[in-house]
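>>> The following comprises the amino acid sequence and a computationally predicted model.
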2 protein chains.
Amino acid sequence: MDKKKNISMAVIKRLPKYHRYLGDLMKNDVDRISSKELSETIGFTASQIRQDLNCFGDFGQQGYGYNVSELYSQIRSILGLTKVYNTAIIGAGNIGQALANYTRFEKLGFKLKIIFDINPKLVGIRIQDIEIKDIDYLTDYLKQNPIDIGILCVPNNSAQKVCDILIKNGVRGIWNFAPVDLVVPKDIKVENVHLSDSLLTLSCLLNDIE
Amino acid sequence: MDKKKNISMAVIKRLPKYHRYLGDLMKNDVDRISSKELSETIGFTASQIRQDLNCFGDFGQQGYGYNVSELYSQIRSILGLTKVYNTAIIGAGNIGQALANYTRFEKLGFKLKIIFDINPKLVGIRIQDIEIKDIDYLTDYLKQNPIDIGILCVPNNSAQKVCDILIKNGVRGIWNFAPVDLVVPKDIKVENVHLSDSLLTLSCLLNDIE
């Protein structure tokens, strides 16, 4: 899959949306779709779609369109959804608990193995049958149990410290909900969900229309 | 504030990050900062920063840098943070409850007024002293109590329907956590937080480095 290396960050950011729409088409037993038809539902231009999908293979045939199941399967593979990822949530506050309860991620192949928190009142509680462990146990746990993705839901002031422990112990991906920008080595991948930033973007847009 | 109209979506998306960093500088009593110094912490290039900040005023002085408090106050104003927004959460599942408990938003000026859910077991429960009301009451409530931002945390299949009710009753901004792309009139602003898409972006990045 050499073509994959050339996929830009902009295309990567659009792939999950293709995955969602193609999944819906599969559910509705649609066998093939043209870039024009896909454009009408997904909202990207037909030319953008052809360009994006061309990045990782030659699936479209002129006058025929895309084979939905082939394309879906290829996008799943590029998204890494043919594998299982072990995840750990660090920080069992509001967002951490909500994510632990969100079973949809497991269906996609993200297997929550453990939850950590610093608060003794939370330690020992089970969420979806996963026990919350004391954060002091984090390093020991990671040394014995490989975790692929750390889901960081700790307060700002401890985010970088916890991130460093995760990386030092083999975690390669950080899904970061703390509103800070983490400093990580180049081979570590970080995806931020900065909720406050997102809300401020909305208020900026609202402010603009007045 | 005529300059504001020219701010591109790309700049708008960066503004919350400027707001965070300038807020930290204010807390640390930093009076002024050059684009070069800001670049080292915020991670954008100095030239990018000068270009971004030039969009909405002439705050930088050569050899002096930016006046931190003036710039912070200007960015707050562009982000609409000098106002108070009334918000309603629709859908009191995991994410809805987590957001209701997240008091940081109120400090930024987003005042949660009410929560709605369809589940009779949740109706009547109070979160942070806000009662969860039956969704049947949504239209009547909105007619009597203006809401600026609807925080949509309902399942996929009811997201568009609830969104339509919100818009019909005066809501201008939708903060959408449902993994669907809503269809709205041009004057309505939508900001999506698609958690699954974000997680898939991370797995794609992880997959790429193997």
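The structure has been received and is ready for your questions.

>>> can you give me the helices for chain A?
Remark: helices assigned in chain A by DSSP state H are A:9-27, A:35-42, A:46-54, A:68-78, A:94-101, A:104-107, A:138-144, A:156-168, A:195-208.

>>> Now distance to residue B:17, mean pLDDT and mean neighbour count too, for the ones you listed, in a markdown table please.
Heads up, the C-betas are built off the backbone N, CA and C, glycines and all. Formatted as a markdown table, the helices of chain A follow (distance: least, C-beta to C-beta, whole Å; pLDDT from 0 to 100; neighbours: other C-beta atoms under 10 Å in any protein chain shown):
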| stretch | distance to residue B:17 | mean pLDDT | mean neighbour count |
| --- | --- | --- | --- |
| helix A:9-27 | 17 | 92 | 17 |
| helix A:35-42 | 28 | 91 | 16 |
| helix A:46-54 | 27 | 88 | 16 |
| helix A:68-78 | 29 | 92 | 18 |
| helix A:94-101 | 19 | 96 | 22 |
| helix A:104-107 | 26 | 91 | 13 |
| helix A:138-144 | 28 | 97 | 14 |
| helix A:156-168 | 14 | 97 | 16 |
| helix A:195-208 | 6 | 93 | 21 |
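
>>> Export these to TSV and append columns for distance to residue B:15.
Formatted as TSV, the helices of chain A follow (distance: least, C-beta to C-beta, whole Å):
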stretch	distance to residue B:15
helix A:9-27	19
helix A:35-42	27
helix A:46-54	26
helix A:68-78	32
helix A:94-101	23
helix A:104-107	30
helix A:138-144	35
helix A:156-168	19
helix A:195-208	6
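
>>> And residue A:121, what's its pLDDT?
pLDDT for residue A:121: 96.

>>> Roughly how far does it sit from residue B:198?
29 Å (C-beta to C-beta, to the nearest Å).

>>> I figured residue A:125 hits residue A:134, correct?
No - using C-beta atoms under 8 Å, residue A:125 makes no contact with residue A:134, being 11.8 Å away.

>>> who touches both of these two?
Common neighbours of residue A:125 and residue A:134 (criterion: C-beta atoms under 8 Å, 6 or more residues apart in numbering or on different chains): none identified.

>>> does any part of the longest strand seen in chain A sit near chain B?
Using DSSP state E, we find that the single longest strand of chain A is strand A:110-117. Yes - on the criterion C-beta under 8 Å from any C-beta of the partner chain, strand A:110-117 is in touch with chain B at residue A:110.

>>> That strand to helix A:156-168, inter-axis angle?
130 degrees (axes from the mean of the first three to the mean of the last three C-alpha atoms, to 10 degrees).

>>> Give the pairing partners of strand A:110-117; include direction for each.
Strand A:110-117 has the following strand partners under DSSP bridges: strand A:85-90 (parallel), strand A:130-134 (parallel).

>>> wait, which of those strands is closest to residue B:145?
Residue B:145 lies closest, by C-beta to C-beta, to one member of these: strand A:85-90, at 35.9 Å.

>>> mind listing what's buried in the closest one?
A:85, A:87-90 (16 or more other C-beta atoms under 10 Å in any protein chain shown).

>>> What is the nearest of those to chain B?
For the buried residues of strand A:85-90, the closest approach to chain B (C-beta to the nearest C-beta) belongs to residue A:85, at 6.2 Å.

>>> Grab the nearest non-local neighbour of the closest one.
Distances taken as C-beta to C-beta, 6 or more residues apart in numbering or on different chains put residue A:148 closest to residue A:85, at 4.3 Å, once the chain neighbours are dropped.

>>> Quick one: residues contacting the one you found.
A:85-87, A:171-173, B:206.

>>> and the strands paired with strand A:110-117 as a markdown table, adding mean pLDDT?
As requested, those are arranged in a markdown table below (pLDDT from 0 to 100):
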| stretch | mean pLDDT |
| --- | --- |
| strand A:85-90 | 98 |
| strand A:130-134 | 96 |
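
>>> Next, format those strands as a markdown table and append distance to residue A:184.
Shown next, in a markdown table, are the strands paired with strand A:110-117 (distance: least, C-beta to C-beta, whole Å):
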| stretch | distance to residue A:184 |
| --- | --- |
| strand A:85-90 | 15 |
| strand A:130-134 | 24 |
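
>>> what's the closest of these to residue A:160?
Proximity to residue A:160 (C-beta to C-beta) singles out strand A:85-90 among those, at 12.3 Å.

>>> Residues touching that closest one, excluding its own?
A:96, A:99-100, A:105, A:109-117, A:135, A:138, A:141-142, A:145-154, A:162, A:166, A:171, A:173, A:175, B:203, B:206.

>>> same thing with stretch A:107-114?
A:81-89, A:100, A:105-106, A:128, A:130-131, A:133, A:141, A:145, A:147, A:149, B:196, B:199-200, B:203.

>>> any idea how far residue A:194 is from residue B:159?
22 Å.

>>> swap that for residue A:131, please
33 Å.

>>> again with residue A:162
Taking C-beta to C-beta, one finds residue A:162 at 33 Å from residue B:159.

>>> what's the answer for residue A:138, then?
For residue A:138, the distance to residue B:159 - C-beta to C-beta - is 37 Å.

>>> Likewise for residue A:14?
On the measure of C-beta to C-beta, residue A:14 and residue B:159 end up 20 Å apart.

>>> Next: residue A:190.
28 Å.

>>> likewise residue A:144?
The gap separating residue A:144 from residue B:159 is 42 Å, by C-beta to C-beta.

>>> what's the answer for residue A:114, then?
From residue A:114 over to residue B:159 the distance is 32 Å, taken as C-beta to C-beta.

>>> Which among the helices of chain A is found nearest to residue B:186?
Going by C-beta to C-beta, the one of the helices of chain A nearest residue B:186 is helix A:195-208, 11.8 Å.

>>> wait, does the closest one contact chain B?
Yes - residues of helix A:195-208 contacting chain B under C-beta under 8 Å from any C-beta: A:195-208.

>>> Quick one: end-to-end distance for stretch A:176-192.
Taking C-alpha to C-alpha, to the nearest Å, stretch A:176-192 runs 5 Å from one end to the other.

>>> Tell me the buried residues in that stretch?
A:176-182, A:184, A:188-192.

>>> From residue B:156, how far off is the nearest residue to residue A:23 once chain neighbours are set aside?
Distances taken as C-beta to C-beta, 6+ apart place residue A:72 nearest to residue A:23, at 6.6 Å, with adjacent residues excluded. Noted for residue A:72: a distance of 18 Å to residue B:156, by C-beta to C-beta.
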